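Novice: coords below, sequence missing:
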Ligand code: SF4
């Protein structure tokens, strides 16, 4: 009887940024099943990952004891069997493992300088763990070379938002679509990637809301759309500028709003003159009349929202893409009212919170810049330690290059799997193999842990206490439902023990003490306390009083920028980094599938999810397959300028005839062997959404 359980615990789904609240039913010390409960984002709903993707925490591959690389182990590489890591590692006590882990980092620091060490935290961390991680790198090594997977996700969106509206978070919760009459969903596939948010989008269309979907892939939401703009990959700026050109030429813009709340409008208007729908149609592949229709529909809305995802951000012009979306909302006066706003849909369950907590190389918590002396001294005062560098740190891909350059020689990686997730991943794997000392803290022997000198067994989300912040700015309480297996420990405890061994005076005994410290220099957490979160489960920031559940909509009366004005930043068309040619004639784009989460370490160890989607696959248009003489289910070879993989082909009419869609969860056909490491100059995000590729029948 599945209803038979000993106790139930409320927590947060560990996967996507929607942040669904769950009730975990526990039997004999294990999670038996999961129900959705009435969280502010999910209102009782769950998707297949939230409902069935919990049993990875009881998988036999869990690391239950600290592991130290054996002296006689083979050279570092993907040669460790996660089911039997003892061929390369030996078990150790916590005391020994922590001493070896911290000792190796300290030795490099003391002999080569603090910059010889870098850190990758993770959006799988709680807010408190993320805060401690960036503090450990900054306080322990004196610099800012600390980053996490936001760099591969929405870093360019955040760069554009901070630049133009003064804050990197969403201006309205996705649930606000309930009050919209028009919505744009661009560069994302919420039915697979934010499935519970997608249910609200579908409901919106059911009550008459007009949905405009824009994506080079014909994503599932098109079935609910009044307009589906399947534009040419990489042609976002030309399409969006053409839409804005119509709004300017037909004077559909909101002059009163622009005058009251924005700056640089005249420059934007002038810039847009060169982007008529006729001129842009050939570049973006959308008919001029469709561009005009969409412009009129959006500009004429009473309340409109714009949602976007990695299809916007993961380009070398990702920041420009977001600048266009911000300009479109500003010129139409669609920010700061019920049903109006900008919403980049966050990927991971705590990518918003980990970024807020300062797990990024250019910002301290709450996006306070590291280059500001006053900001740094406010933190060192609370941290009771000397200064750290005023220089912005290196990002994820820059740290990998810095290893190859011989400067970064040791790393501490918590919960991140860059040996799968980095672009041109063989280049990243070669770098990790070169490190003199690598400490990995995780729940499995991930591909990255294969390169470690010490592996510290950590906790899955349902085994720990801590807060997380979802895409809606809702800070929510995660509660432990089961105990970690064997000798695995809570992540904050491991961070504290390492910090002590690095000579730091850290005396935390509970994550609530970390949260209290965070509040001292994070205004976003004003009026939000640990006790409130324990009692209320979630509070949205900003919260204006100790009883305010938080503001779903912000910037109704101006922006956190000079003079309270948001800014128009014109964007020009920039071609993708590499163009298809005779050798690589098609376009590769990568992403997620409904059942699998990022690099697959959790969901491929979840029985139901792995059963539903067990095999590496990619999708092409059926005509493309026919031309090649390939049947769906056959193996094909994909080759780019970086490498080559063999993978099963699927037919999907929604894919353009010159495109391949490739999920990145499968190590046996790792998508990032193929991807282009070229980055956006502002957000430093790689161009995962466009690589030139050759497709061959096997
Ligand atoms: Fe979890 Fe996201 Fe699915 Fe909600 S929508 S259950 S947060 S994966």
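Specialist: The structure has been received and is ready for your questions. Worth saying up front: this structure is predicted, and the values here are computed from it rather than measured.
Novice: host element of residue 327?
Specialist: helix 318-331 (DSSP states H and E).
Novice: which neighbouring elements make contact with the very next helix or strand once past that helix?
Specialist: Downstream of helix 318-331, the first helix or strand assigned by DSSP H and E is strand 341-344. Counting contacts by 3 or more Cβ pairs under 8 Å, 6 or more residues apart in numbering; DSSP states H and E, strand 341-344 is packed against helix 155-165, strand 304-308, helix 318-331. For glycine as for every other residue, the C-beta is placed from the backbone atoms N, C-alpha and C.
Novice: closest point of this structure to the ligand, which residue?
Specialist: residue 50 (2.3 Å; Cβ to the nearest ligand atom).
Novice: so what's that residue closest to, chain neighbours aside?
Specialist: Excluding the flanking residues, the one nearest residue 50 by Cβ to Cβ, 6 or more residues apart in numbering is residue 13, at 4.1 Å.
Novice: likewise for residue 183?
Specialist: Nearest non-adjacent residue to residue 183 (Cβ to Cβ, 6+ apart): residue 305, at 4.9 Å.
Novice: show me the contacts for that neighbour.
Specialist: 172, 174, 176-177, 180, 182-184, 334, 339-343 (Cβ atoms under 8 Å, 6 or more residues apart in numbering).
Novice: the stretch 1-150 of the chain: strands as residue ranges?
Specialist: 7-12, 21-27, 30-36, 67-69, 89-91, 117-120, 146-147 (DSSP state E, counting those that start in this stretch).
Novice: adding mean pLDDT and mean neighbour count, write the ones you listed out as a markdown table.
Specialist: Output for those, formatted as a markdown table (pLDDT from 0 to 100; neighbours: other Cβ atoms under 10 Å):
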| stretch | mean pLDDT | mean neighbour count |
| --- | --- | --- |
| strand 7-12 | 98 | 19 |
| strand 21-27 | 97 | 20 |
| strand 30-36 | 97 | 18 |
| strand 67-69 | 98 | 21 |
| strand 89-91 | 98 | 19 |
| strand 117-120 | 98 | 28 |
| strand 146-147 | 97 | 28 |
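Novice: now render those strands as TSV, adding distance to the ligand.
Specialist: Below are those laid out as TSV (distance: least, Cβ to the nearest ligand atom, whole Å):
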stretch	distance to the ligand
strand 7-12	8
strand 21-27	7
strand 30-36	7
strand 67-69	30
strand 89-91	32
strand 117-120	23
strand 146-147	24
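Novice: closest to residue 353 out of those strands?
Specialist: strand 7-12 (10.7 Å; Cβ to Cβ).
Novice: returning to what we had before: now the helices and strands packed on strand 341-344 as CSV including distance to residue 693 and mean pLDDT?
Specialist: Putting the helices and strands packed on strand 341-344 into CSV (distance: least, Cβ to Cβ, whole Å; pLDDT from 0 to 100) gives the following:
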stretch, distance to residue 693, mean pLDDT
helix 155-165, 23, 95
strand 304-308, 24, 98
helix 318-331, 20, 98
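Novice: now the ones you listed as JSON lines including distance to the ligand?
Specialist: Shown next, in JSON lines, are the helices and strands packed on strand 341-344 (distance: least, Cβ to the nearest ligand atom, whole Å):
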{"stretch": "helix 155-165", "distance to the ligand": "19"}
{"stretch": "strand 304-308", "distance to the ligand": "14"}
{"stretch": "helix 318-331", "distance to the ligand": "22"}
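Novice: would you tell me which of those gets closest to residue 36?
Specialist: Across the helices and strands packed on strand 341-344, closest to residue 36 is strand 304-308 (Cβ to Cβ), at 21.5 Å.
Novice: list the strands paired with that closest one, with their directions.
Specialist: The strands beside strand 304-308 in its sheet (DSSP bridges) come out as strand 182-186 (parallel), strand 341-344 (parallel).
Novice: in JSON lines: the ones you listed, plus mean neighbour count, mean pLDDT and distance to residue 159.
Specialist: JSON lines is the format used below for the strands paired with strand 304-308 (neighbours: other Cβ atoms under 10 Å; pLDDT from 0 to 100; distance: least, Cβ to Cβ, whole Å):
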{"stretch": "strand 182-186", "mean neighbour count": "26", "mean pLDDT": "98", "distance to residue 159": "18"}
{"stretch": "strand 341-344", "mean neighbour count": "27", "mean pLDDT": "98", "distance to residue 159": "11"}
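Novice: same list (those strands) but as JSON lines, adding distance to the ligand.
Specialist: Formatted as JSON lines, the strands paired with strand 304-308 follow (distance: least, Cβ to the nearest ligand atom, whole Å):
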{"stretch": "strand 182-186", "distance to the ligand": "15"}
{"stretch": "strand 341-344", "distance to the ligand": "15"}
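Novice: if we can go back for a sec, residue 681: which of the helices and strands packed on strand 341-344 is closest?
Specialist: helix 318-331 (7.8 Å).
Novice: so which elements touch that closest one?
Specialist: Counting by 3+ Cβ pairs under 8 Å, 6+ apart, helix 318-331 packs on helix 155-165, strand 182-186, helix 236-249, helix 255-261, helix 265-272, strand 304-308, helix 310-313, strand 341-344.
Novice: how about a markdown table for the strands of the stretch 1-150 of the chain, with distance to residue 500 added?
Specialist: Listed next are those as a markdown table, based on distance: least, Cβ to Cβ, whole Å:
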| stretch | distance to residue 500 |
| --- | --- |
| strand 7-12 | 29 |
| strand 21-27 | 32 |
| strand 30-36 | 32 |
| strand 67-69 | 19 |
| strand 89-91 | 23 |
| strand 117-120 | 17 |
| strand 146-147 | 19 |
